[in-house]
Every structure is written in C-alpha cells, then in structure tokens.
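Peer 1: Turn this into a model:
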Amino acid sequence: MSHRIWDALLSAIEKRVNHHSFNTWFSPLVFRELKNNTITVEAPNEMFRDWITDNYMDVIEEALAELQLKNHTIKFLVRGEGEAPEWTSKDGVSENHVGFSFFEEGEESDLIVPPATRFVDLEPVELPLNPRYTFDTFVVGSSNQFAHAAALAVAEAPSKAYNPLYIYGGVGLGKTHLMHAIGHAIRAKNKHLRLTYVSSERFMNELI
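Peer 2: The predicted structure is shown next:
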C-alpha cells in the first residue's frame, strides 16, 4: 500500500513536468518507507536532492494536493549518507530554509532597482551543433547519469546551475553530445539568448 502511494505521486508529478525532467530527476528516486505521514525517498546524490528541493517542491506539493495528501511530508535521503530535512506542503510546518529581509517602518532602503530588462527575439544564428546530439537521443547509463543530470540542469537554468559546467571523460562517452544537447535545449526555450560555440583554444585567445 505504501509503495502504491509513491507510485501514484510519481504519476501525478509526471503530468506536470516534461519527459526529460521526469526521467532525469524523479525516475532515479527510490522509495524507502511511508511512516507517520512521512514519505521517505532516496536520491542518488546531493545534487539530485538539492536540485529537486530547490526547483520542484511546488510540483510535488501540487501532486500531493491532487492525491489529497497535503498532510504528508517528503523526506529525502542521500545514498550512503544521513537524512535531509523534511519538506512539507505550504500548509505544513516543516521547512528547509526561509530567506527574507525587512526594513523598519519609515526606513528607506538603499537598494537600487534596475529598470526592467526588455528582451527581443533574435533571428536564429547558425551554430555548429549536430542536430542528432539532443537529450532525446542521449542514452543514459550508470556511468553518465550524473553528467546528464548536470547538463539538463544547465539547460533548464542557463548561467545559474553549475556555472561553469566542466565535463570530463574518455573518448566516446558523450561529452560532445551533452554539450550540443545543452545548446539545442537552450536555443529552443530562450530565443532572446545569444549562444556561442567555440573551441577552448579560441576561448582562451579571446579571453587573454
């Protein structure tokens, strides 16, 4: 019965995220137990746990609400390590962290608010990206699961997640494939961004 609840929760989450995100971030999670309305799941590593808690808690809360489980909490374990703090729905009492700032009444803030940025869709620039090298065609295995997850995180949040991202590995293990996949994904979602694909030699020459 406990495992069925987790399966139902996964199904509800799957309806709310795209195929790549679900397979990358949620499929690797392993259900451990349901006890005292706390659903305990195990993540492969800290990166998985942190990315889910930072980016997908709203999705999880919506899924819990759909299943009438708003009184349940989610607890993440990292494989081989200790427990992470519990997470609950917005109506719950357990939270990981809350950040805020405030001013005393009558106090003026020194914060300078820049004008809103205006984005203009640019004409697509031809990039030397292999059309076959996308996340759809990348084969995920135990040896490249971490690299695939990091690459997808960069594609979902350019310049925010893992900036810079350094991919290291042997020949034929998918480094170039992932790099091209990031470029394709970013260009598809963010037409206002400019993308540049250069060799390390050219990058260093222009930097210097």
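Peer 1: burial count for the closest residue to residue 17 other than its chain neighbours?
Peer 2: Once flanking residues are discounted, residue 17 sits nearest to residue 59: 6.1 Å by Cβ to Cβ, 6 or more residues apart in numbering. The C-beta positions use only the backbone N, C-alpha and C, and glycine is treated the same way. Neighbour count for residue 59, taken as other Cβ atoms under 10 Å: 19.
Peer 1: same check, this time on the one 5 residues further on
Peer 2: Residue 64 is flanked by 22 other residues according to other Cβ under 10 Å.
Peer 1: Contacts only, for it.
Peer 2: 9, 70, 72, 74, 89 (Cβ atoms under 8 Å, 6 or more residues apart in numbering).
Peer 1: Just the CA atoms of the helix ranked longest in the chain, as PDB, please.
Peer 2: Counting by DSSP state H, the longest helix found in the chain is helix 175-189. Output of helix 175-189 as PDB, limited to C-alpha atoms (Å, rounded to 0.1, in the frame of the first residue of the first chain):
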ATOM      1  CA  LYS A 175      30.800  14.800 -23.700                       C
ATOM      2  CA  THR A 176      30.200  16.400 -27.000                       C
ATOM      3  CA  HIS A 177      26.700  15.000 -27.200                       C
ATOM      4  CA  LEU A 178      25.800  16.600 -23.900                       C
ATOM      5  CA  MET A 179      27.300  19.900 -24.900                       C
ATOM      6  CA  HIS A 180      25.400  20.100 -28.100                       C
ATOM      7  CA  ALA A 181      22.200  18.900 -26.300                       C
ATOM      8  CA  ILE A 182      22.500  21.900 -23.900                       C
ATOM      9  CA  GLY A 183      22.900  24.200 -26.900                       C
ATOM     10  CA  HIS A 184      19.800  22.800 -28.600                       C
ATOM     11  CA  ALA A 185      17.700  22.900 -25.500                       C
ATOM     12  CA  ILE A 186      18.700  26.500 -24.500                       C
ATOM     13  CA  ARG A 187      18.100  27.800 -28.100                       C
ATOM     14  CA  ALA A 188      14.600  26.100 -28.200                       C
ATOM     15  CA  LYS A 189      13.500  27.700 -24.900                       C
END
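Peer 1: what does the next helix or strand after it rub up against?
Peer 2: Once the chain leaves helix 175-189, the next helix or strand it forms, by DSSP states H and E, is helix 200-207. For helix 200-207, the surrounding residues in contact (Cβ under 8 Å, 6+ apart) are residue 198.
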